[in-house]
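J.: here is my input; please provide its structure:
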Amino acid sequence: MTFSYNKLWKLLIDNGMTKEQLRKTLKISPSTIAKMGRGDNISLAVIEKICKHFNCQPGDLFEFIPDKQ
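T.: Residues are numbered from 1 along each chain as shown. Here you go, the predicted structure:
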């Protein structure tokens with residue numbers, strides 16, 4: 001199972017923000033940003049921080065990509 005964080009990356013672009021700025025502003029670890037880049041799972045605490053910062057819902061940040069069977 002994989003997640004696509006492309007919606008988050010677009011949100012960053014729309015807000016003139018880099019991944020590094022997001023990381024520093026929300027005090028997210030570099031490994032968490034790397035996990036999102038690979039489409040890995042991240043904690044709900046991180047999703048909550050991002051949603052609060054952008055005043056959005058989780059579905060505005062990522063989408064689930066099911067495994068091909």
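J.: drop to CA atoms for contacts and neighbour counts, all remaining ones
T.: Will do.
J.: can you name the next helix or strand after the longest helix anywhere in the chain?
T.: Counting residues, the longest helix found in the chain (DSSP state H) is helix 44-54. Sequence order places strand 63-65 as the next helix or strand after helix 44-54, per DSSP states H and E.
J.: partners of that following strand in the sheet?
T.: Paired with strand 63-65 in the same sheet, following DSSP bridges, are strand 2-4 (antiparallel).
J.: could you give me the buried positions within the partner strand?
T.: By neighbour count on 16 or more other Cα atoms under 10 Å, the buried set for strand 2-4 is Phe3, Ser4.
J.: next: stretch 9-17.
T.: Neighbour-count burial for stretch 9-17, counted by 16+ other Cα under 10 Å, picks out Trp9, Leu12.
J.: distance from it to the middle of the chain?
T.: Distance of stretch 9-17 from its chain centroid, counting by Cα atoms, centre = their mean, to the nearest Å, is 11 Å.
J.: pLDDT on the longest helix of the chain, on average?
T.: Across helix 44-54, pLDDT averages out at 97.
J.: okay, that helix in CSV with CA atoms only?
T.: Extracted as CSV, the C-alpha positions of helix 44-54 are listed here (Å, rounded to 0.1, in the frame of the first residue of the first chain):
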residue,chain,number,x,y,z
LEU,A,44,-1.5,11.1,12.3
ALA,A,45,0.2,13.7,14.6
VAL,A,46,2.2,15.0,11.6
ILE,A,47,-1.0,15.0,9.4
GLU,A,48,-2.7,16.9,12.2
LYS,A,49,0.0,19.6,12.3
ILE,A,50,-0.1,20.1,8.6
CYS,A,51,-3.9,20.2,8.5
LYS,A,52,-3.9,22.8,11.3
HIS,A,53,-1.3,24.9,9.5
PHE,A,54,-3.1,25.0,6.2
